[in-house]
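Novice: Only the shape, not the letters, is given here:
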């Protein structure tokens, strides 16, 4: 990701972020951070970038010309998402941070004095954002706050990718209390459950603590969480057919765009994927109008929804059988040389898995959601989780097939899901009998309805 900051104090940005995790990500070329001095683009021989405001009033205003020229130098005049830090903007949230983390390039515009000439704002700014209802001397501190919140969600920045999933505001819950050594401090003991080694009990305790803490400190968030849990409970009455929607919601990825009876749209913004059900063809057609314009994929397990979307220009990518693993016990992994993949493994995977782009493979690996099998250090296969949560991306080299390696790879992936309190599920293209037999051998259950993947449409 490329980050540009237009400012009068570039050293403030660079010195403030360089010693942090963000600075280390820049050193590793995961991020690119540029602080551009707006003064370098003024036409005034004294370096002035401000002047008095028309109509009178206290203070000075930053002029349009140096701001525009600085922005143009950074963007080349192309439309790059440009954020103006202002108390008048919409409140910055974790949801917005996650959305911005999906951009390839961002520009942050820092105002000073009484602000910036409105004409240049109208020309270059795409987002007006505030970090709170108070006034600061400039936009540098808000820019650094946003950069920190956004950049840490970019795959590879944190190193331990799971930490971004389990923190405050994930799934509308505040983070649970955490403890370190010593076991007893000031006569206060670490809760026994955390010393038990029982991961299921620890996960249950942490969820309970997060719920209680959210209810106490952020009842507004808790209400959103509670509504989502009610929807998950309703969907669980037909778990096998609805697991993809349930998992999207429980992982905190799914955003409920519409819910009334059987009419439902869940949007995974990062995956640009909508999951949709409807009561009948008429409501399906009405619901289709609510699909966001950025939608790339629509998933539905209703044939009439598929037909409605096809009539609207969506193309059927594939019909799949949905399998899910409902047991809580880990599966045996008989092939032992399996580990999480690293960035250097991208060429191997992308050269052998032609269904997705190298960029997608890289994102999946950096997210910590792909695992590889090796023979004395040489990679011979892989498996992973797709962005929306389904298991897949399975491949084993020809000379190593029929040796149980594919089974071990899937079992390994299942166990990683169970560690994160997820229900493993996957979509198998209809007619792929070998994969269907593998799911059944591992103890997966097959849903009664096919799952249709559709692409295109107004996206």
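Specialist: Happy to help now that I have it. Just so it is clear, the model here is predicted, and its values are computed rather than measured.
Novice: now the stretch 251-400 of the chain, which segments are flagged as low pLDDT?
Specialist: Residues of the stretch 251-400 of the chain meeting the criterion pLDDT under 70: none.
Novice: quick one: buried residues of the biggest helix by length in the chain?
Specialist: In terms of residue count, the longest helix belonging to the chain (DSSP state H) is helix 199-217. Neighbour-count burial for helix 199-217, counted by 16 or more other CB atoms under 10 Å, picks out 202, 205-206, 209-211, 213-215. C-beta: built from backbone N, CA, C; applies to glycine.
Novice: mean confidence score for it?
Specialist: Confidence over helix 199-217 (mean pLDDT, whole number) is 92.
Novice: Next, the angle from the helix or strand just after it to helix 199-217.
Specialist: Following helix 199-217 in sequence order, the next helix or strand is helix 219-235 (DSSP states H and E). The directions of helix 219-235 and helix 199-217 differ by 130 degrees, with axes from the mean of the first three to the mean of the last three CA atoms, to 10 degrees as the criterion.
Novice: can you pull the contacts of the spatially most central residue of the chain?
Specialist: Nearest to the geometric centre of the chain sits residue 270, at 5.0 Å (CA atoms, centre = their mean). Shown here is residue 270, whose contacts under the criterion CB atoms under 8 Å, 6 or more residues apart in numbering are 98, 102, 253, 387.
Novice: what do you get for residue 92?
Specialist: With CB under 8 Å, 6+ apart, residue 92 has these contacts: 129-131, 142, 145-146, 149.
Novice: Ramachandran coordinates for it?
Specialist: Phi and psi for residue 92, reported as degrees, to the nearest 10, are phi -80, psi 130.
Novice: Please apply the same query to residue 142.
Specialist: phi -60, psi -40.
Novice: Contact partners for it?
Specialist: Residue 142 touches 85, 92, 110, 129-131, 136, counting by CB under 8 Å, 6+ apart.
Novice: Tell me which two of these sit farthest apart.
Specialist: The most widely separated members of the contacts of residue 142, counting by CB to CB, are 92 and 110 (14.5 Å).
Novice: check which helix or strand covers the closest residue to residue 349 other than its chain neighbours.
Specialist: Closest residue to residue 349 apart from its sequence neighbours, by CB to CB, 6 or more residues apart in numbering: residue 361 at 5.0 Å. Residue 361 is located in helix 358-366, with elements delineated by DSSP H and E.
Novice: show me the residues around residue 79 that make contact.
Specialist: residue 126.
Novice: can you map out the strands along the stretch 51-200 of the chain?
Specialist: Remark: strands assigned in the stretch 51-200 of the chain by DSSP state E, counting those that start in this stretch are 60-62, 82-91, 105-110, 127-130, 184-185, 188-189.
Novice: Output the contacting helices and strands for the third one.
Specialist: Contact here means 3 or more CB pairs under 8 Å, 6 or more residues apart in numbering; DSSP states H and E; on that basis strand 105-110 packs against strand 2-7, helix 64-75, strand 82-91, helix 140-151.
Novice: Residue 91 reaches residue 130, doesn't it?
Specialist: Yes: between residue 91 and residue 130 there is a contact at 5.9 Å, judged by CB atoms under 8 Å.
Novice: Of these two, which one has the most company?
Specialist: Between residue 91 and residue 130, residue 130 has the larger neighbour count (other CB atoms under 10 Å), namely 17 against 10.
Novice: Now do that one, the pLDDT please.
Specialist: pLDDT for residue 130: 97.
Novice: Not including adjacent chain positions, what is the nearest residue to it?
Specialist: residue 89 (4.1 Å).
Novice: cool, residue 103 as well?
Specialist: Nearest non-adjacent residue to residue 103, counting by CB to CB, 6+ apart: residue 81, 5.5 Å away.
Novice: What distance do you get for the one you found to residue 2?
Specialist: 11 Å (CB to CB, to the nearest Å).
Novice: How about residue 304?
Specialist: Residue 304 sits 44 Å away from residue 2, going by CB to CB.
Novice: thinking again about what came up before, give the other helices and strands that the longest helix of the chain contacts.
Specialist: So helix 199-217, by 3+ CB pairs under 8 Å, 6+ apart, packs with helix 219-235.
Novice: Need the residues that contact the longest helix of the chain.
Specialist: By CB under 8 Å, 6+ apart, the residues outside helix 199-217 that reach it are 172-177, 191, 193-194, 196, 221-222, 225, 328, 419, 421.
Novice: let's go with 6 Å and repeat that
Specialist: Contacts with helix 199-217, where a contact means CB atoms under 6 Å, 6 or more residues apart in numbering, come from 173-174, 176-177, 193, 221-222, 421.
Novice: chain center to that helix: distance?
Specialist: Distance of helix 199-217 from the chain centroid (CA atoms, centre = their mean, to the nearest Å) equals 22 Å.
Novice: repeat for stretch 364-373
Specialist: Averaging C-alpha positions (CA atoms, centre = their mean) puts stretch 364-373 15 Å from its chain's average.
Novice: all strands for the stretch 251-400 of the chain, in order.
Specialist: Secondary structure of the stretch 251-400 of the chain by DSSP E, counting those that start in this stretch: the strands cover 254-260, 263-268, 273-277, 297-300, 314-324, 338-340, 370-375, 378-385, 391-396.
Novice: what's in contact with the last one?
Specialist: With contacts defined as CB under 6 Å, 6+ apart, strand 391-396 is touched by 352-353, 381-386, 405-406, 413, 424, 426.
Novice: okay but residue 335 is in contact with residue 406, surely?
Specialist: No: in this structure residue 335 lies outside contact range of residue 406 using CB atoms under 6 Å: 9.3 Å.
Novice: Distance check, residue 323 against residue 386.
Specialist: 14 Å.
Novice: The two: who's more crowded?
Specialist: Neighbour tally, residue 323 and residue 386, criterion other CB under 10 Å: the higher count belongs to residue 323, 25 against 17.
Novice: For that one, list the residues it contacts.
Specialist: So residue 323 contacts 426, 439, 444, 446 (CB under 6 Å, 6+ apart).
Novice: So it versus residue 245, what's the distance?
Specialist: Noted for residue 323: a distance of 15 Å to residue 245, by CB to CB.
Novice: and if you look at residue 150?
Specialist: Distance from residue 150 to residue 245, by CB to CB: 27 Å.
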